[in-house]
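[1] Have a look; sequence and predicted model below, questions after that.
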There are 2 protein chains.
Amino acid sequence: MRPLRVALFGFGTVGSSVARILVESNPEGLQLTHIFNRGISRKRVDWVPPTVKWSEDAEAVLGSDADVVVELAGGLDPAGTWVRRALEAGKSVVTANKKLIAYHGVELERLAAAKGGHLKYGAAVAGGIPVIPGLEQGLAGDRIQRIEGILNGTCNFILSKMEGGADYSAVLAEAQAKGYAEADPTEDVGGFDARAKLAILMRLAMRVVVDPEEIVPKPITAVAALDFSYARDLSCTIRQVARAEQTGGTVAAAVGPMLVDQHSPLAWSRGTENMVILTGHYGGDVVFSGHGAGGHPTAVAVVSDLVALAHGSRRVEIPSVPARIGAEFEVPHYIRFLVRDRPGIVAEITGALAKERINIRAIVQKPGYPADALPFVVTVEPCKSSALKRALTEIGKMDCLLEQPLDLQMLE
Amino acid sequence: MRPLRVALFGFGTVGSSVARILVESNPEGLQLTHIFNRGISRKRVDWVPPTVKWSEDAEAVLGSDADVVVELAGGLDPAGTWVRRALEAGKSVVTANKKLIAYHGVELERLAAAKGGHLKYGAAVAGGIPVIPGLEQGLAGDRIQRIEGILNGTCNFILSKMEGGADYSAVLAEAQAKGYAEADPTEDVGGFDARAKLAILMRLAMRVVVDPEEIVPKPITAVAALDFSYARDLSCTIRQVARAEQTGGTVAAAVGPMLVDQHSPLAWSRGTENMVILTGHYGGDVVFSGHGAGGHPTAVAVVSDLVALAHGSRRVEIPSVPARIGAEFEVPHYIRFLVRDRPGIVAEITGALAKERINIRAIVQKPGYPADALPFVVTVEPCKSSALKRALTEIGKMDCLLEQPLDLQMLE
């Protein structure tokens, strides 16, 4: 059998790592034949064999005899057009594009099946950590009821550095200098990247197709240095967590900075690490962790998908049904207030919470802050997000508040 | 397409969990048709549909129209005969039998390929944790250079309880009462179970076929309560670790109790948990953890293999070559001596180590022990196992030694 002919779309960090592994390891049944990128003159490298065609013409490569298109451009467009064109032509596609798969995965899988090609996206979630293959091939026999993940390396780098005392803007600048964060970091710090990944995991693990836009992420920029100090007093730290829960027929999902216990696996992940905890009805917790991003780890996932295609291994197509994010988490919360001090504040706040039948777990006010900008923290027992939201809207009207309270879920 | 007809061989803890999941979840494309066990009269349960045939006649079930045999009897025989018979007949086989796969996996895979069936054994290593699917489908694009695993839940239960102060025989009795340990615990505590699993991982991760017998395991019974106390002083704890390393063309492998840093992931695993850390040339460390044993988690892996078969997903057959365990680890060691005290002991011991050019890292002698049965610990910098063995043979001749020194590898 002749090897699968591989066309690479995108020769950035991940693309050049994929080429590097294909050239160095030379996996059986695969041959790199095309590299598409804009401005190839500044991309060309001497370690790629001369048989590989470099091209700036996407249409020409899509119309070539390549069997597999590896799409590493990212974003919905033009990547989506290329992927559709390739699948229409009966080619297979391997992609690391979480956004495309989160928004159009079901449609693209149908297209692939109709045209006889295959769509694989093991690199779309948690890069080099085989969560997607693990789910499809090793956990399909379970019913996954809960997902908790650290799915964005940039946020984890920033928050684990802030935990050590660093300042947000300094760490962001460091992350940008190291190539961990984009010039415009909104996708990452705003939680949009993590929610796309969560939507993909929900489909494979919980078998529900959700609209990612229904998950409203909370940006990590809402967290201040003092929150880490309060979190520490509560034996916790802060991580950007993507979580989902399926109970009965409904699903809940949330993405944002959350308090995690210092002894939980989520607190162990440092730097750009990713971690996913899946809780199955039968098998209990399974934890995956490792390097979720970066050229080489992501490239390993891409090449592994290619190797699977070359070996004729097909995806386990897990059936899924459309679902709304209709459920609420019922979890404890950390609420941090910043007030101009005056008598009666705690009474008013606790009164508003009591009105919604929300029980207080702890009130922490650390010394050393000025009375005209005084932070303090209230943690509450598990309650419905909607009830807490009503209470916080009420509290938000208080004249002493210098800013809207910061409300973070706590994981237990 | 008619569903795959599934015959279950073995209706113990795992077998009944597999049946339970098949009945409750009713995965598409699978139908439980036969249950084989000895003494079915005491095994029969009312929740299995009446269409399922119970049988005490292995030959009759092997000769039936079942498409897949699920082998959960364990051990080399008669399980091996059943698996061969099923594959010869062109059936597929799903098994959790680590011993059979470690000793005869390559031969059985060849047989399956020749006869058109499939052999899947995702449950053979780390039960419910998808390490094998992760390796085959998600890490095949990498070159795995190091494996470190906690692969035996029984040993981990015993050692993590001993870490908390419990006595070996009391914990073993508890493990036996809870069904975590066999009446004869030799397979587990002797390290034979873990070495079979390590041999399987080495084949899939490092692509080498090794004879499991070449890995000489050290039993965890060599560890005493006082070793945990010394380990703690060294910021470590003790776990049964299975490790392998590939450098250049040679492999090293070892199984036994080892010192692990309190801050390493291996130290976090408690109770019957399993954990596997794979270090790839390109992707770095990937950590898998969860419930490695028990009926339900292992059954999830078995049912996931069945689901993959039903979806026509084939294993990625990773090519492997025979190899000898020809390399040595060059790692630090913990050596605990038990002596009748007299002047000059430390000088003689350190002299013997120096003769082999082994550098001492620390000498720890805790107060409170009697002079006629005095334990103390020497840790040494990374050295070849063979050099240390020569030094310990020399030291072993000293008249003051009450027992042969305990030598444990330290993981860094």
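    Noted; the coordinates are in hand.
[2] where exactly do the helices run in the stretch 201-350 of chain A?
    For the stretch 201-350 of chain A, helices defined by DSSP state H, counting those that start in this stretch occupy the ranges A:225-233, A:265-268, A:295-310, A:345-355.
[3] residues from the stretch 151-300 of chain A in reach of chain B?
    A:265, A:268, A:280, A:282-291, A:296-297, A:299-300 (Cβ under 8 Å from any Cβ of the partner chain). For the C-beta atoms, the positions are set from N, CA and C on the backbone; glycine is no exception.
[4] Could you do the stretch 301-412 of chain A as well?
    Close to chain B, as judged by Cβ under 8 Å from any Cβ, the stretch 301-412 of chain A has residues A:301-308, A:311-317, A:319.
[5] mind running it again at 10 Å?
    For the stretch 301-412 of chain A, the residues in contact with chain B (Cβ under 10 Å from any Cβ of the partner chain) are A:301-319.
[6] Show me which of the residues you listed are buried.
    Neighbour-count burial (16 or more other Cβ atoms under 10 Å in any protein chain shown) applied to those gives A:301-311, A:313-316, A:318.
[7] need the helix or strand of chain A with the lowest average pLDDT.
    None of the helices or strands of chain A scores lower by mean pLDDT, DSSP states H and E than helix A:265-268, at a mean of 91.
[8] Name the residues that touch that helix?
    A:148-150, A:156, A:160, A:163, A:235-239, A:241, A:243, A:258-262, A:275-277, A:285, A:287, A:289, A:411, B:263, B:265, B:268, B:287, B:289 (Cβ atoms under 10 Å, 6 or more residues apart in numbering or on different chains).
[9] The same query, at a cut-off of 7 Å, please.
    A:Glu148, A:Ile150, A:Thr237, A:Arg239, A:Val241, A:Val260, A:Asp261, A:Met275, A:Ile277, A:Val287, A:Leu411 (Cβ atoms under 7 Å, 6 or more residues apart in numbering or on different chains).
[10] ditto for stretch A:165-184
    Defining contact as Cβ under 7 Å, 6+ apart, one finds that stretch A:165-184 is touched by A:Gly153, A:Thr154, A:Phe157, A:Ile158, A:Lys161, A:Met162, A:Pro185, A:Asp188, A:Thr221, A:Ala225, A:Thr272.
[11] Weed out the non-buried ones from those residues.
    Neighbour counting with 16+ other Cβ under 10 Å marks A:Gly153, A:Thr154, A:Phe157, A:Ile158, A:Lys161, A:Met162, A:Pro185, A:Asp188, A:Thr272 as buried within these.
[12] Kindly indicate which of those residues lies nearest chain B.
    When the buried ones among the contacts of stretch A:165-184 are ranked by distance to chain B (Cβ to the nearest Cβ), A:Thr272 comes first, at 10.6 Å.
[13] Distance-wise, check the closest one relative to A:Ile325.
    Distance, A:Thr272 to A:Ile325, using Cβ to Cβ, to the nearest Å: 28 Å.
[14] and what of A:Pro343?
    Computed as Cβ to Cβ, the A:Pro343 to A:Ile325 distance reads 42 Å.
[15] More neighbours: which of the two?
    Remark: of A:Pro343 and A:Ile325, A:Ile325 carries more neighbours, 21 against 6, as counted by other Cβ atoms under 10 Å in any protein chain shown.
[16] The closest residue to that one other than its chain neighbours - how many residues pack around it?
    Closest residue to A:Ile325 apart from its sequence neighbours, by Cβ to Cβ, 6 or more residues apart in numbering or on different chains: A:Glu214 at 4.5 Å. Counted by other Cβ under 10 Å, the residues lying close to A:Glu214 total 14.
[17] From chain B, how far out is A:Glu214?
    In this view, A:Glu214 and chain B are 27 Å apart by Cβ to the nearest Cβ, to the nearest Å.
[18] ditto for A:Ala205
    12 Å.
[19] which ones are touching that residue?
    Here A:Ala205 is in contact with A:Leu135, A:Ile144, A:Ile147, A:Leu278 (criterion: Cβ under 7 Å, 6+ apart).
[20] Pull the most distant pair out of those residues.
    The span of the contacts of A:Ala205, defined through Cβ to Cβ, is set by A:Leu135 and A:Ile147 at 9.9 Å.
[21] circling back to that earlier point, can you put the helices of the stretch 201-350 of chain A in TSV and add distance to A:Ser385?
    As requested, the helices of the stretch 201-350 of chain A are exported to TSV (distance: least, Cβ to Cβ, whole Å):
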stretch	distance to A:Ser385
helix A:225-233	19
helix A:265-268	20
helix A:295-310	34
helix A:345-355	14
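[22] looking at these, which is buried most?
    Ranked by mean neighbour count, the helices of the stretch 201-350 of chain A are led by helix A:295-310 with a mean of 27 (mean count of other Cβ atoms under 10 Å in any protein chain shown).
[23] That one - contacts with which helices or strands?
    With contacts taken as 3 or more Cβ pairs under 7 Å, 6 or more residues apart in numbering or on different chains; DSSP states H and E, helix A:295-310 sits against strand A:4-9, helix A:13-25, strand A:68-71, strand A:92-95, strand A:119-120.
[24] can you tell me which of the ones you listed comes nearest to chain B?
    Among these, helix A:13-25 comes nearest to chain B, with 6.0 Å by Cβ to the nearest Cβ.
[25] Mean confidence (pLDDT) on that closest one, please.
    Across helix A:13-25, pLDDT averages out at 96.
[26] Mind listing residues that contact it?
    Here helix A:13-25 makes contact (Cβ under 7 Å, 6+ apart) with A:6, A:8, A:30, A:32, A:35, A:47-49, A:70, A:72, A:96, A:295-296, A:298-299, A:302-303, B:141, B:143, B:282.
[27] Spit out the contact partners of A:Ile358.
    Residues near A:Ile358 by Cβ under 7 Å, 6+ apart: A:Val380, A:Cys383, A:Ala387, A:Leu388, A:Ala391.
[28] Could you identify the buried members of those residues?
    For those, a burial check counting by 16+ other Cβ under 10 Å picks out A:Val380, A:Cys383, A:Ala387, A:Leu388, A:Ala391.
[29] Which members of these are the farthest-apart pair?
    Farthest pair in these (Cβ to Cβ) is A:Val380 and A:Ala387. Separation: 9.8 Å.
[30] ok, the contacts of A:Ala205 vs A:Ala253, which is closest?
    Here the nearest of these to A:Ala253, counting by Cβ to Cβ, is A:Ile147; it sits at 8.5 Å.
[31] Surely the closest one is in a strand?
    Yes: using DSSP: H, G, I helix; E, B strand; the rest coil, the assignment for A:Ile147 is a strand.
[32] burial of it, as a residue count?
    Using other Cβ under 10 Å, A:Ile147 is surrounded by 25 other residues.
[33] Who is it paired with across the strands?
    Counting by DSSP bridges, A:Ile147 is bridged to A:Ala244, A:Leu278.
[34] surely it meets A:Ala244?
    Yes: contact criterion Cβ atoms under 7 Å: A:Ile147 and A:Ala244 qualify, at 4.6 Å.
[35] Spit out the residues that contact those two alike.
    Listed contacts common to A:Ile147 and A:Ala244 are A:Leu198, A:Met202; contacts here mean Cβ under 7 Å, 6+ apart.
[36] Walking through the stretch 201-350 of chain A, point out its strands one by one.
    A:208-209, A:236-247, A:250-261, A:273-280, A:284-291, A:321-322, A:330-339 (DSSP state E, counting those that start in this stretch).
[37] out of the ones you listed, which comes closest to B:Ser55?
    Taking these one by one with Cβ to Cβ, strand A:273-280 is closest: 30.7 Å.
[38] which other residues reach the closest one?
    Taking Cβ under 7 Å, 6+ apart as the rule, strand A:273-280 contacts A:126-127, A:129, A:131, A:139, A:142-151, A:153, A:156, A:205, A:265-266, A:269, A:285-292, B:300.
[39] where does the stretch 101-250 of chain A have low pLDDT?
    For the stretch 101-250 of chain A, not a single residue meets the criterion pLDDT under 70.
[40] again, only using 80
    For the stretch 101-250 of chain A, the stretches flagged by pLDDT under 80 are A:248-249.
[41] May I have the secondary structure class of the residue most central in space within chain A?
    Among the residues of chain A, the one closest to the centroid is A:Ala194, at 2.5 Å (Cα atoms, centre = their mean). Here A:Ala194 is helix, with the state taken from three-state DSSP.
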